[in-house]
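Undergrad: Structure for the following, please:
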Amino acid sequence: MLLSKRMLLMAVMAVCASTACAEVAVSPNGKLSVEQKEKGLVVNYQGRQVIELPSVGFESAASLGQLVFSRSINEDYTMVSGKRLRCTNEAREYLMELGKGVRMELRLYNDGIAFRYEFTGAEEKPLPRELTTWRIPEGMKRWMQQWTDSYESFFPLTTSYQTKPIPSFSGISKSEEGWNNRWGYPALLEPADGVFVLLTEANIERRQSASCLMNDKENYRVVPADNQIVASAGWHTPWRVAIVGELKDVVESTLVTDVSEPCKLEDTRWIRPGVVSWIYWAYNHGSNDYQIIRKYVDMAAKLKLPYVLIDAEWDTMKDGYTIEDAVNYAKSKGIRPLIWYNSSVGWVDGAPTPKYRLNKPEGREKEFVWCESLGVAGVKIDFFSGDNQMNMEYCIDLMESAARHHLLVNFHGATIPRGWQRTYPNLLSTEGVYGAEWYNNVPTFTDKAACHNATLPFTRNVIGPMDYTPCAFSDSQHPHITSHAHELALTVLFESGLQHLADRPESFLAQPKEVQQFLGQLPSVWDETRLVAGYPGDYAVIARRSGTTWYVAGINGTDDEKAIDINLQSVIGDGEYQLTTFADSGDTASPWIIRTENTSRLPQHIDCKSRGGFVFVMKSE
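TA: So this is what the prediction gives:
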């Protein structure tokens with residue numbers, strides 16, 4: 001009998017020990033936790049489940065071991081541009097063996113989680129099928145983008161996976177039932193009122209491809225793009241990332257750069273973010289007309305902008321002029337020129353030139369040496385062909401080569417930011433967004449732009465710089481119906497290390513002198529960013545600080561007038577400010593309300609016109 005009781009006690013202790021060893025991973029502030037559940041994980045926020053991963057690992061390695069605490073991470077780092085210059089990477093890291101030479105590294109941050117898989121076995125083998133799956137239940141609010149290789153799509157609010165595919169987009173995939181089942185990052189979810197989860201990935205390195213989400217009803221699996229490498233010990237996936245918390249936690253998060261590789265450049269002093277005058281929007285064409293280029297250079301000089309972009313077709317300049325003439329004219333006015341290249345891996349046939357100059361290492365070096373010697377400040381490289389391993393390595397080659405020759409980089413027709421802006425800070429912007437150039441292409445953008453603009457601060461722009469090309473007061477091929485103040489607000493609301501202004505010179509120079517001065521003084525580097533108020537697709541108000549000056553920008557994404565509570569003192573604090581306000585008058589003949597006052601009483605609310613906006617510039621007294 002004694003032996004029987006002893007055996008029973010040992011059995012109970014074994015069960016308890018097993019439970020204790022299935023450790024719950026916890027964030028530094030204790031608000032987030034992750035626990036094992038069958039073949040996957042559950043993420044909790046303030047004690048409530050917010051999202052589940054029903055499966056993790058690979059087909060060849062899916063047996064979950066125990067979560068074991070590894071280390072605490074606490075480091076500070078500095079960005080060259082972005083939503084915040086000084087960042088803190090603070091996390092608790094856990095390890096889990098998945099069997100057959102694979103382990104998971106799991107990090108819990110105060111604003112989310114990140115995990116990746118690392119091969120530890122000595123055997124070399126092709127990459128197995130990844131099983132990582134996020135469960136997004138029916139009825140949960142989500143803002144998700146149907147996948148396209150250029151990431152140029154809307155983020156409509158839905159509550160179901162049952163979304164018809166948009167046939168005009170490349171890479172469309174649909175389920176047997178006819179629903180779209182391929183999705184691009186980031187994906188924003190609202191699992192409970194006021195609690196949000198943003199799914200994305202970070203830190204693409206050599207020998208890796210990026211991924212998308214493909215769903216079977218409620219289960220959204222991480223599916224990497226084509227990667228034919230043979231992996232061995234030390235190879236790891238990019239980080240799978242979920243930013244978790246209130247909307248302000250999502251908008252202000254730096255988690256994507258926190259988990260990315262530190263800066264690889266020894267000297268970054270030559271990297272200077274700035275505002276750019278841009279030709280394409282007004283003319284729906286490249287830059288083969290020297291006289292038009294002169295107009296945009298002159299506008300940049302008049303507004304005191306540092307850069308001008310000489311877009312596609314500069315190698316076929318008309319009337320006997322050359323790119324050298326255009327670059328030298330810009331330099332004579334004190335404006336630094338950027339020039340455009342076709343990547344020649346995406347859209348090639350029928351696409352604009354110059355082509356095939358960057359594909360081979362020797363050609364790329366020759367071209368960038370020429371750019372540097374001519375006085376070109378940077379390159380815009382366009383038309384990539386998706387997220388496969390070849391494209392990812394090509395982008396890294398381009399960034400590294402450009403850095404050797406002190407060239408800034410702006411990727412267009414390309415994948416979204418996944419942390420490269422920390423590793424290669426000469427990458428100052430990336431398109432990867434359905435932006436203002438779509439006024440050139442289809443009439444769809446006109447009616448949807450205001451709502452879309454009010455969604456981007458909570459989705460695409462969270463993860464990195466976004467070359468939306470904002471601020472058009474006049475019309476392109478298709479009209480816009482957002483207000484003047486709405487358009488001006490986008491220059492602050494949307495973060496980009498190179499902020500390309502879309503409109504034509506005549507339009508900018510016809511604006512009040514205060515608007516022109518605003519554009520000439522607009523920062524492209526922010527010391528900090530704070531969400532003031534907003535809800536995706538409805539409205540957005542963001543405050544950004546440059547030195548001792550705060551810029552507060554807000555837009556109304558709806559067709560109705562909206563009273564917006566902003567309570568700036570609770571966000572920014574008390575103080576004496578010189579406050580300049582840019583707002584909509586509602587009068588098309590005289591659209592602006594502009595006033596400057598000295599005050600210590602900051603606005604508590606503002607009435608925003610239909611599809612309208614506002615900007616406050618607050619200089620400390």
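Undergrad: ranges for the helices of this structure?
TA: 2-21, 247-252, 255-258, 280-283, 290-303, 323-332, 361-374, 389-404, 420-423, 444-453, 484-493, 505-509, 513-521, 568-572 (DSSP state H).
Undergrad: Comparing those helices, which comes out most buried?
TA: Counting by mean count of other C-beta atoms under 10 Å, helix 255-258 has the highest mean neighbour count of those, with a mean of 28. Every C-beta, even on glycine, is put in place using the N, C-alpha and C of the backbone.
Undergrad: Give me the residues contacting that helix.
TA: The contact list for helix 255-258 (C-beta atoms under 8 Å, 6 or more residues apart in numbering) reads 77, 79, 82, 87, 89, 91, 109, 111-112, 114, 200, 202, 241, 243, 417-419, 421-422, 462-464.
Undergrad: M618 is in contact with A553, correct?
TA: No: using C-beta atoms under 8 Å, A553 is not in contact with M618, being 11.7 Å away.
Undergrad: residues in contact with the nearest residue in space to T482 that is not next to it in sequence?
TA: Nearest non-adjacent residue to T482, counting by C-beta to C-beta, 6 or more residues apart in numbering: R611, 4.8 Å away. Shown in contact with R611 (C-beta under 8 Å, 6+ apart): 450, 481-483, 486, 556-559.
Undergrad: F58 now?
TA: Taking C-beta under 8 Å, 6+ apart, one finds 98, 102, 117, 128-131 in contact with F58.
Undergrad: Who wins on neighbours among these?
TA: Counting neighbours by other C-beta atoms under 10 Å, Y117 leads those with 24 neighbours.
Undergrad: Let me know the pLDDT of it.
TA: On the pLDDT scale, Y117 is placed at 98.
Undergrad: Correct me if wrong: it contacts L98.
TA: Yes: taking contacts as C-beta under 8 Å, Y117 lies within contact range of L98: 7.2 Å.
Undergrad: so what's in contact with the two at the same time?
TA: Shared contacts of Y117 and L98, counting by C-beta under 8 Å, 6+ apart, come down to 57-58, 104.
Undergrad: Export those residues as CSV, with columns for distance to N219.
TA: Shown next, in CSV, are these (distance: C-beta to C-beta, whole Å):
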residue, distance to N219
G57, 15
F58, 16
M104, 19
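Undergrad: Can you tell me which of those residues is nearest S27?
TA: Among these, M104 lies closest to S27 (C-beta to C-beta), at 16.8 Å.
Undergrad: Neighbours of the closest one, how many?
TA: 23.
Undergrad: Now it. Nearest residue, chain neighbours left out?
TA: Counting by C-beta to C-beta, 6+ apart, the residue nearest M104 is M96, at 4.4 Å.
Undergrad: Same question for M317.
TA: N288 (5.2 Å).
Undergrad: same check, this time on T163
TA: N180 (4.9 Å).
Undergrad: likewise C263?
TA: Spatial nearest neighbour of C263, chain neighbours left out: P425 (5.8 Å); criterion: C-beta to C-beta, 6+ apart.
Undergrad: what's near enough to touch that neighbour?
TA: By C-beta under 8 Å, 6+ apart, the contact set of P425 is 79-81, 263, 265, 268, 271.
Undergrad: try it again with 10 Å
TA: 78-82, 263-265, 268, 271, 273, 399, 403, 408-409, 497 (C-beta atoms under 10 Å, 6 or more residues apart in numbering).
Undergrad: got it, and K264?
TA: 396, 399-400, 403, 422-425.
Undergrad: switch to 8 Å and redo it
TA: Neighbouring residues of K264 by C-beta under 8 Å, 6+ apart: 400, 423-424.
Undergrad: Nearest to L338 among the residues you listed?
TA: Checking the contacts of K264 one by one against L338 (C-beta to C-beta), the nearest turns out to be Y424, at 16.6 Å.
Undergrad: residue contacts, the closest residue in space to that closest one that isn't next to it in sequence?
TA: Nearest residue to Y424, sequence neighbours excluded (C-beta to C-beta, 6+ apart): M399, at 4.1 Å. Applying C-beta under 8 Å, 6+ apart to M399 gives the contacts 409, 420, 424, 426-427.
Undergrad: and M399, how far is that from G537?
TA: Remark: distance between M399 and G537 (C-beta to C-beta, to the nearest Å) = 33 Å.
Undergrad: Please check the contacts of helix 255-258 and keep the buried ones.
TA: 77, 79, 82, 87, 89, 91, 109, 111-112, 114, 200, 202, 241, 243, 417-419, 421-422, 462-464 (16 or more other C-beta atoms under 10 Å).
Undergrad: Which members of the residues you listed occur in strands, if any?
TA: 77, 87, 89, 91, 109, 112, 114, 200, 202, 241, 243 (DSSP state E).
Undergrad: you'd agree the second one is up against V80?
TA: Translated: C87. No: using C-beta under 8 Å as the test, C87 is too far from V80 to be in contact (11.6 Å).
Undergrad: and stretch 313-330, how far from the chain's centre?
TA: 33 Å (C-alpha atoms, centre = their mean, to the nearest Å).
Undergrad: for the record, mean pLDDT for that stretch?
TA: Here the average pLDDT along stretch 313-330 is 98.
Undergrad: Excluding chain neighbours, what is closest to G194?
TA: Leaving aside its chain neighbours, G194 sits nearest to E246 (6.2 Å; criterion: C-beta to C-beta, 6+ apart).
Undergrad: Find me the pLDDT at the one you found, would you?
TA: pLDDT, read off for E246, is 98.
Undergrad: Could you report the distance from it to Y535?
TA: Counting by C-beta to C-beta, the gap from E246 to Y535 is 12 Å.
Undergrad: Likewise for P186?
TA: P186 is 17 Å from Y535, by C-beta to C-beta.
Undergrad: Equivalent analysis for L408, please.
TA: For L408 relative to Y535 (C-beta to C-beta), the value is 35 Å.
Undergrad: higher neighbour count, those two?
TA: Higher neighbour count among L408 and Y535: L408, with 26 against 15, using other C-beta under 10 Å.
Undergrad: Just to check, the more buried one is in contact with V379?
TA: Yes: between L408 and V379 there is a contact under C-beta under 8 Å: 7.3 Å.
Undergrad: what sits in contact with each of these two?
TA: Shared contacts of L408 and V379, defined by C-beta under 8 Å, 6+ apart, are found at 338, 402.
Undergrad: Helix or strand with the lowest mean pLDDT in this structure?
TA: Ranked by mean pLDDT, DSSP states H and E, the weakest helix or strand in the chain is helix 2-21, scoring a mean of 36.
Undergrad: all strands for the stretch 51-200 of the chain, in order.
TA: Per DSSP state E, counting those that start in this stretch, the stretch 51-200 of the chain carries strands over the ranges 68-78, 86-97, 102-109, 112-119, 125-126, 133-135, 141-146, 157-158, 182-192, 195-202.
Undergrad: Turn those strands into a markdown table, columns for distance to S600.
TA: Shown next, in a markdown table, are these (distance: least, C-beta to C-beta, whole Å):
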| stretch | distance to S600 |
| --- | --- |
| strand 68-78 | 32 |
| strand 86-97 | 28 |
| strand 102-109 | 36 |
| strand 112-119 | 37 |
| strand 125-126 | 65 |
| strand 133-135 | 47 |
| strand 141-146 | 38 |
| strand 157-158 | 39 |
| strand 182-192 | 37 |
| strand 195-202 | 34 |
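Undergrad: Of these, which stretch is the most buried?
TA: Most buried among those, counting by mean count of other C-beta under 10 Å: strand 195-202, with a mean of 25.
Undergrad: Give me the sheet partners of that strand and which way each runs.
TA: If you go by DSSP bridges, strand 195-202 pairs up with strand 182-192 (antiparallel), strand 239-245 (antiparallel).
Undergrad: Let's have the ones you listed in a markdown table, adding distance to Q511.
TA: Formatted as a markdown table, the strands paired with strand 195-202 follow (distance: least, C-beta to C-beta, whole Å):
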| stretch | distance to Q511 |
| --- | --- |
| strand 182-192 | 34 |
| strand 239-245 | 37 |
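Undergrad: Those strands: which one's closest to T322?
TA: So among those, strand 182-192 is nearest, using C-beta to C-beta, at 39.4 Å.
Undergrad: And that closest one, how far out from the chain middle?
TA: 14 Å.
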